[in-house]
Each structure stands twice: as structure tokens, then as C-alpha cells.
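K.L.:
Whatever this is, show me its structure:
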Amino acid sequence: MRTRVISQEQHGPAQVTEIEEIIHAANSYPPHEKIYVAVGKDMSESVNALKWALLNLKNRRTAEVILLHIQPPLRYMPSPMGRIPKNKVSKDVLKQYEEDVEKELNNCMNKYLDICSRAKAKAEPLVVEKDDISKGIVEVISEQVAYQKSKSHTSPKPPEATTFKPDHLSRSVSSPPNIQRESGASIRSPSNFPVATECIPARAEEVNESAFEVSAAIHQISSQSEAGETPQIDLTPNNIEVTLQASQEASPDIETLKLQLSEALQVAENEIVRRKKAEADAMKAIHKVKDLEAVLKERDKEKEDATSQLKLTEQTCQEISRRRDEVEEELQEMEAKLTSLATNLNRVSCERHEAVHKLEQARQKLAAVEEQNYRVLQQRDAEIKELQEYLQAMPRVETSTSSSSSVNTLDCREYSLDDIKSATCNFSEHFKLGKGGYGIVYKGEIRRTTVAVKLLREDSVEGRQEFQREIDILRDIRHQHLVRVVGSCFERGCIVYEYMSNGCLADRLSCKNATPPLPWHARFRIAAEFGSALQYLHSFKPDPIVHHDVKPENILLDENYVSKISDFGLARLVRPDSCPESEPRGTFAYMDPEYLTSGEYTTKSDVYSLGIVILQLLTGKPALGLVKEVERALENAKLDQVLDPSAGEWPFMQATQLAYLALHCTEPVRNKRPDLQPTVMKLLDQLRNFAVSASNSSRPVKRGQKSVQAGEEIHVPSFFLCPISKEVMQDPYVAADGFTYEKEAIEGWLDYGRDTSPMTNKRVAHKNLVPNYSLKSAIRQWQERGDLL
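P.N.:
Numbers count the residues shown, from 1 in each chain. I've put the predicted structure just below:
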């Protein structure tokens with residue numbers, strides 16, 4: 001309700017009418033006190049305001065407190081993605097949210113009602129839905145005042161005291177931090193914006209009857225003014241007093257009316273002041289609303305910009321989605337191609353695996369053939385030996401030419417001096433191969449066959465004896481690793497041998513004439529070959545034969561580097577009744593130490609020489625002092641530093657085994673040396689088989705368009721290599737020290753009486769070995785992938 005402010009300068013009937021309205025409005029209020037307190041969900045401020053209002057009530061029993069709460073209508077729902085319009089939310093979710101909000105509001109209002117109940121004051125909640133809290137409070141007060149005014153206009157008599165509650169308002173809550181009261185109560189909005197409420201006169205019940213008398217008097221004055229008796233009335237306090245004084249003569253009760261009217265005017269002036277303040281507060285609220293509307297327009301503009309940006313983003317997302325679909329199609333095509341390539345790879349891998357399997361079978365067959373060939377040779381040697389024993393058992397015809405006839409028995413021809421001269425171009429220097437202690441060796445050709453002719457010195461008596469001894473021995477023996485005698489010439493003292501094109505082992509170890517060095521597998525094979533020849537001589541029946549001068553110079557190599565022992569000039573039969581030699585014969589570095597002191601030469605003396613030659617095969621160094629050097633290397637685990645590097649990458653485990661065998665053969669005490677059969681030859685045969693397999697695997701192998709030669713550097717994972725042999729393990733086993741070794745290597749290490757770890761040099765708890773299947777499988781897969789090739 002809009003209230004006009006009446007000033008002292010305003011006069012006329014309109015003022016009287018408004019005063020009447022104020023009086024009627026004051027009398028129309030209920031006889032009890034009613035105060036509106038705006039409360040909110042923030043109880044820290046609202047509770048203080050409510051307490052102030054309760055403390056300032058005149059009569060708590062008759063007063064009524066209206067808890068007014070202005071609540072914005074529900075249009076949006078909060079979410080992690082921001083606010084969502086409620087029409088975009090499902091009914092169930094919206095209903096649940098509304099119930100949660102209502103429950104929270106009820107809990108808050110119950111706390112306010114509980115405060116009023118403890119203060120013994122009657123309270124009632126009133127909730128109004130408005131967007132603006134200040135406007136909501138003003139509208140509630142204005143509507144109540146308008147309602148009371150309408151009631152005062154329609155009822156000539158003051159209504160009975162009733163509780164006012166507009167029908168369109170519902171339950172309520174929220175609160176200002178401060179509440180002011182004038183003859184009733186005034187409230188502030190939550191934003192501290194002052195809004196005046198409808199006031200209830202504190203003493204309306206005292207002037208109830210006199211107010212109607214004042215009203216009747218005012219009506220009389222108004223009627224007189226309308227009749228022209230008084231055209232204008234000044235209702236200011238001073239003028240009212242003059243009018244009342246003039247009226248004292250006409251009425252005996254004018255003084256009483258004057259007093260009542262003065263009081264009513266005072267109340268009206270107070271109400272006018274209060275309403276002017278309320279109007280000012282309302283104007284401020286209106287300005288604030290306009291400011292908020294401007295902010296809302298700005299927010300709407302920002303919303304439109306955001307909507308435009310959202311559309312652009314959606315278009316970008318659509319473009320990205322289209323590109324993603326294209327990429328997915330390309331990815332599907334690539335996956336199809338990859339599947340095809342994987343299929344082809346599997347097929348090629350299967351074919352390669354099959355080829356590797358066939359290659360392995362071929363290698364096994366080749367090894368079997370070589371083994372069979374070796375057995376055939378051994379069988380042949382055994383048969384020759386049996387034949388020799390049979391011939392020795394037959395009675396011999398004693399003639400002056402018995403030696404010559406015996407040589408002819410085994411295809412040993414007798415040549416004339418002219419034949420020998422023709423074969424050697426009269427012993428030309430160009431045909432000279434070498435020179436020994438008892439003669440010179442020439443290269444010759446007899447009947448289109450290349451031979452070697454050993455010519456004794458004419459003045460050498462010992463040479464003639466050795467010549468006869470060599471003929472006597474060679475006529476009865478035949479072995480694939482002993483140089484074969486083709487013929488002889490007693491007229492000049494010549495022996496004709498088969499020609500060995502690659503010279504002696506000493507020249508090959510020293511790479512004489514820039515010849516290529518012998519690889520390690522060839523050296524293993526040569527050691528086994530001349531060892532088997534010595535074993536054949538030592539097992540000769542009825543008496544063993546000792547060579548007496550085993551050294552690299554007397555080991556010859558043919559065109560295939562097959563070794564054969566030659567120079568049997570010092571060889572002799574070992575009989576029980578043999579007498580010790582008075583003077584040692586042979587080469588000093590290869591002589592048995594006990595032979596030097598006792599003069600007795602036995603089969604163990606050849607074993608000593610064999611050990612020295614094996615050490616030279618391993619190191620490529622001279623014989624003198626070699627035993628001590630290798631012993632120190634093995635004690636310090638530095639054998640690899642004395643091995644001949646020109647032989648290639650030595651298999652460390654096999655080389656170590658051979659070194660220990662050689663040192664065992666070179667024991668100073670004769671009885672501590674091993675026998676050739678079975679101790680020495682067992683290991684030499686194993687090493688020869690290993691060397692043959694390594695030689696076959698070192699041949700060029702084709703892989704695609706690339707040829708990988710033996711010795712070419714290939715990347716091999718370090719954990720695939722045996723710590724002893726330094727080669728890829730084929731049968732890995734775990735020892736007690738926790739390291740994995742090739743089974744054959746670690747067994748060879750432990751078989752020689754060692755009880756220490758090859759890696760840590762500490763004593764092992766036991767000698768049990770456990771197979772490492774996981775590593776074996778990994779090595780096999782690596783080999784099948786072709787990395788080994």
C-alpha cells in the first residue's frame with residue numbers, strides 16, 4: 001500500500017480522509033501484538049534477530065511471531081557439470097531433490113520454532129517463493145497493509161481481532177541481522193536492505209471508542225466545508241488547535257475531542273515518517289533490482305556467447321569424430337595387413353624351422369658317417385694288426401736277404417741308386433726338403449708318384465744302424481697315422497716315404513713361409529691322431545714299440561692336414577731284458593726326466609713327449625719351460641692368456657681339459673703318468689669328435705642373401721654363453737654355486753678332482769647338477785628365430 005506523507009503546509013478534506021483511514025486501519029488490527037521476523041538458513045544472523053524480537057515483545061502470551069522466509073523458485077538443479085534446468089531432469093530425480101530441499105528447510109524452521117517455544121511465544125512459519133528476497137518482503141508487507149485497508153473501508157465498525165494471513169502465502173523462514181521496532185516491529189532483508197513492515201499501534205485498544213467520535217467530528221467539519229461555510233481547513237497542529245477552540249462554544253466535549261485528535265495526529269505523523277522511510281527503502285530495493293536485471297542481461301549475453309562457442313565446439317567435435325572414424329578404418333586395414341603378414345611370418349617360420357631341422361639331421365648324418373668311417377679305420381687297423389700277428393707267428397726263412405724280402409711282403413719295394421737319383425734329379429738342391437741329424441730329405445717322383453727320399457750320410461755309422469732299425473720296424477707295422485714306407489735302397493742307404501705336402505707340425509705352428517695358422521679344432525684332431533698312433537705302437541705284440549723321439553718335427557701333415565708320425569730311427573722294441581742306454585738319445589726338451597737319470601726308456605716316456613707336444617699345440621710356444629708356464633696359468637685361472645690366439649676362439653672348457661691332460665702326461669714321476677689306453681685316448685677321442693662337429697658347423701651357412709662365415713662376430717646374449725667354454729650352451733645345468741654351465745663343461749671341471757666354483761673360486765657344497773630347462777628353451781627359441789645364424 002502506498003502511503004502519502006502529510007506535511008504542515010497541506011490543508012483540505014484530503015488530509016482528513018487519510019487521517020480517518022489511519023485511525024480505521026489502527027483500529028482494525030487485532031488486539032494482540034503481531035511481529036514479522038525474516039529468517040534465513042544462515043542461523044548465525046537470524047537467531048540474533050529472533051532473540052531481539054522476542055526480548056522486545058510487550059506480551060509474549062498474546063503476541064504472535066510470524067517467521068517469514070523468502071525462497072527463490074526452483075528452476076535449476078546443481079550437478080558436477082554445473083546447473084541443469086529442472087525440465088531437463090527426470091521426474092524422480094527432481095522429486096527427490098525437492099524433498100531434500102524441503103526437508104532441509106523444515107529442519108531449519110523447526111529450530112526457529114523451538115527457540116520461540118522455549119521463549120513461550122506463539123510462532124508460525126510463512127514461506128514465500130520469490131526471486132528477490134527484498135521484493136518478497138516488501139510485497140508481503142504491502143499486501144497485508146492493503147488487505148487491512150480494504151477491510152477498514154468495507155467495515156464501518158472495527159472488525160474483531162483476528163489473525164491476518166493472506167491466502168496466496170504459504171509457510172516461511174529467513175532473517176535479517178538487525179530488527180528495528182516502532183510501535184510494533186520493523187525488519188531488514190538478508191542483504192541488510194531496510195524494508196518497513198505494516199505496524200500495529202501499541203495503544204490502539206485504548207483509543208478505540210474515542211477514535212469514532214473524532215471521526216464523526218471530522219465528518220461534520222467536512223460537511224460544513226462542502227456547504228461553503230468553511231472553504232478551506234488547515235489541518236496542521238496549530239490550525240487544528242484554533243478550530244477546536246472555536247468549537248468549544250458549540251460543544252461541551254470539544255476539549256476531550258481535541259485531546260483525542262491531537263493524539264491521533266501524533267500517531268499519524270509517526271506513521272507518515274515511518275512510511276516515508278519504507279518508501280525510501282523500497283526505492284533502494286527497486287534500484288538494486290534494476291542493477292540485478294542489468295547483471296542478468298550481461299549474464300544472458302555471456303550465455304549467448306557461450307552457446308555460440310558451444311556450437312563451434314560441437315562442430316569441431318564432429319570433425320574430430322569424422323577423422324577418428326577415418327583413422328579407425330585405416331587402423332582396421334592395417335590390422336588386416338598385419339594379420340596377413342603374421343600368417344606369412346608363421347608360414348616362413350615353419351618352413352625355416354623345417355629347414356633347420358633338416359640341416360641338423362644332415363649334420364647328424366654326417367657325424368654318423370664320420371664316426372662310422374673312423375670305426376671302419378679302427379677295424380681295418382685291428383685286422384692289419386691281426387694279420388701282422390699271424391705273419392709273425394709263421395716260421396721265417398733265414399736268408400741273407402730276409403729283411404729285403406720282408407719289406408717286399410708289405411709292398412715295400414727295393415729301388416736302385418739310379419732310380420733314386422732319377423727321382424731326385426741327382427739329389428738336386430732344388431728338391432731338398434730338410435736336413436736331420438742323420439741325413440737329408442729330398443722330394444722326388446717315382447712312377448708319377450710324389451715321394452720323400454731320406455738319404456743317410458755316407459760317413460754315419462749310427463745312421464746306418466738307425467736305417468736298419470727303421471726298416472725292421474716299418475716292415476711289420478701299418479697305421480693310418482704312421483708315415484707309410486714306399487721302398488728303400490740299401491746300395492746308398494735311402495728310405496722312400498709317402499710325400500706329406502704340408503710339411504711338419506713344427507713348421508705349421510710357427511707359420512713358416514707365411515702359411516696360415518692351424519685352427520683349434522684341427523689341433524684337437526691332430527693330438528688325437530698321433531696319440532692313436534702311439535697307442536697302436538705301445539700295444540704292438542709281442543713287444544711294445546716306443547718311438548723314442550716324439551716331437552713336432554717328426555709329425556707330418558698331408559694335403560688334408562691329417563697327421564702321421566715319421567722318423568722311426570730311434571724306435572725300439574721294449575723287452576723285459578732290455579738294457580738301459582748308456583747315453584740318452586733324442587731331443588732334450590721332449591725327454592722323460594727319469595730317462596735322463598736312469599737311461600731306461602719306456603712307453604711312459606713317449607707319454608711324456610706326447611704331453612709336451614699337446615702343450616705346444618695349445619700355446620704355439622717352444623717346449624722348454626712350457627710345463628711350468630701352463631701350470632702357473634691354470635693355478636691363476638689365466639689359461640686364456642697363454643693359449644695361441646692365432647688358433648681362433650678356443651672352447652675354454654675343452655682347452656682346459658686338454659691342458660690338464662697334458663700336465664698329467666708330463667708328471668716328473670713316471671708312475672704318476674696316465675696310460676694311453678683308456679685314460680688319455682678316451683679324452684682325446686672326445687675332443688676329436690667335438691672338433692669334427694665344430695669344424696662342420698664352421699662352414700659357410702647362407703641366410704637369405706647374406707653368407708655368414710665361421711668366426712664372424714654374431715651378437716649373442718651373454719647369459720646364453722657358458723662361463724667355462726664361452727660358447728652358446730646346448731645343455732645348460734645349474735651347479736651348486738648358482739651359476740649355469742654347459743653340462744659337459746662343468747662335468748669336465750669337476751671330474752678332475754676340483755671342488756671349487758669356476759666363477760667364485762670358492763668351495764662348492766656338492767657336485768650335484770640340476771638342468772635349466774627354461775634357459776634351454778630360451779636358447780632354442782633364439783636359435784629358431786635365426787639370431788644364431
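K.L.:
Give me the below-cutoff pLDDT ranges for the stretch 201-350 of the chain.
P.N.:
Under the criterion of pLDDT under 70, the regions of the stretch 201-350 of the chain flagged as low confidence span 201-253.
K.L.:
hey, where'd the helices end up in it?
P.N.:
Shown for the stretch 201-350 of the chain, the helices assigned by DSSP state H, counting those that start in this stretch span residues 208-227, 237-247, 254-393.
K.L.:
which of those is buried the deepest?
P.N.:
Using mean count of other C-beta atoms under 10 Å, the stretch among the helices of the stretch 201-350 of the chain with the largest mean neighbour count is helix 208-227, at a mean of 15. Placement of C-beta: from N, CA and C, glycine included.
K.L.:
Same list (the helices of the stretch 201-350 of the chain) but as CSV, adding distance to E600.
P.N.:
Below are the helices of the stretch 201-350 of the chain laid out as CSV (distance: least, C-beta to C-beta, whole Å):
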stretch, distance to E600
helix 208-227, 165
helix 237-247, 168
helix 254-393, 25
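K.L.:
Any idea which of the ones you listed gets closest to A528?
P.N.:
Closest approach to A528 among the helices of the stretch 201-350 of the chain (C-beta to C-beta): helix 254-393, 10.0 Å.
K.L.:
Figure out which of the helices of the stretch 201-350 of the chain is closest to G434.
P.N.:
helix 254-393 (28.7 Å).
K.L.:
Run through the neighbouring helices and strands of the closest one.
P.N.:
In terms of contact count using 3 or more C-beta pairs under 8 Å, 6 or more residues apart in numbering; DSSP states H and E, helix 254-393 is assigned the packing partners helix 13-28, helix 133-154, strand 194-195, helix 208-227, helix 237-247, helix 681-697, helix 773-784.
K.L.:
Go again with 6 Å.
P.N.:
Taking 3 or more C-beta pairs under 6 Å, 6 or more residues apart in numbering; DSSP states H and E as the contact definition, the neighbouring helices and strands of helix 254-393 are helix 13-28, helix 208-227, helix 237-247.
K.L.:
Distance from that helix to the middle of the chain?
P.N.:
The offset between the C-alpha centroid of helix 254-393 and the centroid of the whole chain comes to 19 Å, using C-alpha atoms, centre = their mean, to the nearest Å.
K.L.:
the inter-axis angle of that helix versus helix 133-154?
P.N.:
Direction vectors for helix 254-393 and helix 133-154, defined by axes from the mean of the first three to the mean of the last three C-alpha atoms, to 10 degrees, enclose an angle of 150 degrees.
K.L.:
so what's the residue lying closest to A694 once chain neighbours are set aside up against?
P.N.:
Sequence neighbours aside, H521 is the residue nearest to A694 in space, at 4.7 Å (criterion: C-beta to C-beta, 6 or more residues apart in numbering). Shown in contact with H521 (C-beta atoms under 6 Å, 6 or more residues apart in numbering): 691, 694-695.
K.L.:
tell me, how many neighbours does K762 end up with?
P.N.:
The burial count assigned to K762 is 10, neighbours taken as other C-beta atoms under 10 Å.
K.L.:
ok, and D472, which helix or strand is that part of?
P.N.:
Remark: D472 resides in helix 461-474, with elements defined by DSSP states H and E.
K.L.:
next structured bit after that helix?
P.N.:
Counting by DSSP H and E, the next helix or strand C-terminal to helix 461-474 is strand 485-489.
K.L.:
Tell me the helix or strand right after that following strand.
P.N.:
Sequence-wise, the next helix or strand beyond strand 485-489 is strand 494-498, with elements assigned using DSSP H and E.
K.L.:
what helices or strands is that following strand leaning on?
P.N.:
By contact count (3+ C-beta pairs under 6 Å, 6+ apart), the secondary structure elements abutting strand 494-498 are strand 449-456, strand 485-489.
K.L.:
mind redoing it with 10 Å?
P.N.:
Contacts of strand 494-498 with other secondary structure elements, assessed using 3 or more C-beta pairs under 10 Å, 6 or more residues apart in numbering; DSSP states H and E, are made with helix 417-423, strand 439-446, strand 449-456, helix 461-474, strand 485-489.
K.L.:
Let's see that strand as PDB, backbone CA atoms only.
P.N.:
Taking C-alpha atoms only, strand 494-498 is exported to PDB below (Å, rounded to 0.1, in the frame of the first residue of the first chain):
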ATOM      1  CA  CYS A 494     117.900 -94.500 -48.700                       C
ATOM      2  CA  ILE A 495     114.300 -94.900 -47.500                       C
ATOM      3  CA  VAL A 496     111.400 -93.800 -49.700                       C
ATOM      4  CA  TYR A 497     108.300 -92.500 -47.800                       C
ATOM      5  CA  GLU A 498     105.000 -91.200 -49.000                       C
END
